[in-house]
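Enquirer: Sequence plus the predicted model coming up.
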Amino acid sequence: MTDTRPPGGPAGPHGPTPGVTPGDVRPGVTPPPSVVPTAEPADAWDAPAPTSRGLLELDRGRYWSGAAVTVVVCAVLGLAASVVFDSAFDVGLLGPSRVVPAAPGLAWALTGALFALLAAVVLQLLVRVVPRPRMFFGWLVALVTVILAALAFTGGGDAASAVVTALVWIVVGVAVSAMLNGVLGRTLVRPRPPR
């Protein structure tokens, strides 16, 4: 009797299984799957996940641990900018240091921490409601950073102070975006398919 099955392996419910030869299959043993995914592209989580709602899921504990560290880093970044420019180079930063003139370092630390905290809340909200949260988050942080940097030039103060303040805002915005995107990349979880 001749074998009329096409080459490439025993026939499954959807045709032959590629990559499996007849000698690889023993009676009563299921043949191995033809394709085993080993890695996903970096932006795989920007596609809607296969849940009942079609949205992504977030490991909230790990996400907020990373967000808390981001808040602390941005607070230290604001404090460092104030110490370096206000104290070391005697270039007065504009904005938050005007609100609390007695403690400009504290004002910039609180501002950096608040910016990072609000960004973390917005990012979590975007993960829950939009299909591509990283794209929208990147645009939002970039636009808010540009607005805050441009506000430094509207007070009529010293040009050097305005330029340095704008640079500080840009550095804080880049830090917030980079750190929270990194946290997001490690805390999105594959949702379980509905039963």
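Expert: Received the coordinates, thanks.

Enquirer: quick one: low-confidence parts of this protein?
Expert: 1-56, 97-102, 157, 190-195 (pLDDT under 70).

Enquirer: Please spell out which residues along the top helix by length along it are buried.
Expert: As far as residue count goes, and with DSSP state H defining each element, the longest helix of the chain is helix 159-187. Of the residues in helix 159-187, those scored as buried under the neighbour-count criterion (16 or more other CB atoms under 10 Å) are 161-162, 164-166, 168-169, 171-173, 175-177, 179-180, 183-184, 187. Using the backbone N, CA and C atoms, a C-beta is placed for each residue, glycine as well.

Enquirer: Against which helices or strands is that helix packed?
Expert: Using 3 or more CB pairs under 8 Å, 6 or more residues apart in numbering; DSSP states H and E as the contact criterion, the neighbours of helix 159-187 among helices and strands are helix 60-82, helix 104-129, helix 133-151.

Enquirer: if I pick the closest residue to residue 184 other than its chain neighbours, what's in contact with it?
Expert: The shortest distance from residue 184 to any residue other than its chain neighbours is 6.4 Å, reached at residue 123 (CB to CB, 6 or more residues apart in numbering). Contact partners of residue 123, counting by CB atoms under 8 Å, 6 or more residues apart in numbering, are 133, 137, 180, 184.

Enquirer: Skipping its backbone neighbours, what lies nearest the second one in space?
Expert: What that stands for is residue 137. Nearest non-adjacent residue to residue 137, counting by CB to CB, 6+ apart: residue 123, 5.1 Å away.

Enquirer: measure the one you found to residue 106 for me?
Expert: 26 Å (CB to CB, to the nearest Å).

Enquirer: can you list contacts of stretch 107-115?
Expert: The set of residues that contact stretch 107-115 without belonging to it, under CB under 8 Å, 6+ apart, is 71-72, 74-79, 81-82, 93, 95-97, 99-100, 168, 172-173, 176.

Enquirer: If any of those residues are buried, give me the ChimeraX selection for them.
Expert: Buried members of those can be picked out in ChimeraX with the line below, counting by 16+ other CB under 10 Å:
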select :71,74,75,77,78,79,81,82,93,95,96,97,168,172,173,176
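
Enquirer: Just give me the neighbour total for residue 63.
Expert: Residue 63 is flanked by 21 other residues according to other CB atoms under 10 Å.

Enquirer: So that it lines up with my notes, have the first residue be 42 from now on.
Expert: That works, and once the first residue is 42, the last one we named lands at residue 104.

Enquirer: That one: what's its closest spatial neighbour, skipping adjacent residues?
Expert: Leaving aside its chain neighbours, residue 104 sits nearest to residue 228 (4.1 Å; criterion: CB to CB, 6+ apart).

Enquirer: so which of the helices and strands packed on helix 200-228 comes closest to residue 130?
Expert: Taking CB to CB as the criterion, residue 130 comes closest to helix 101-123 out of the helices and strands packed on helix 200-228, the separation being 10.8 Å.

Enquirer: the inter-axis angle of that closest one versus helix 145-170?
Expert: Angle between the axes of helix 101-123 and helix 145-170 is 150 degrees (criterion: axes from the mean of the first three to the mean of the last three CA atoms, to 10 degrees).
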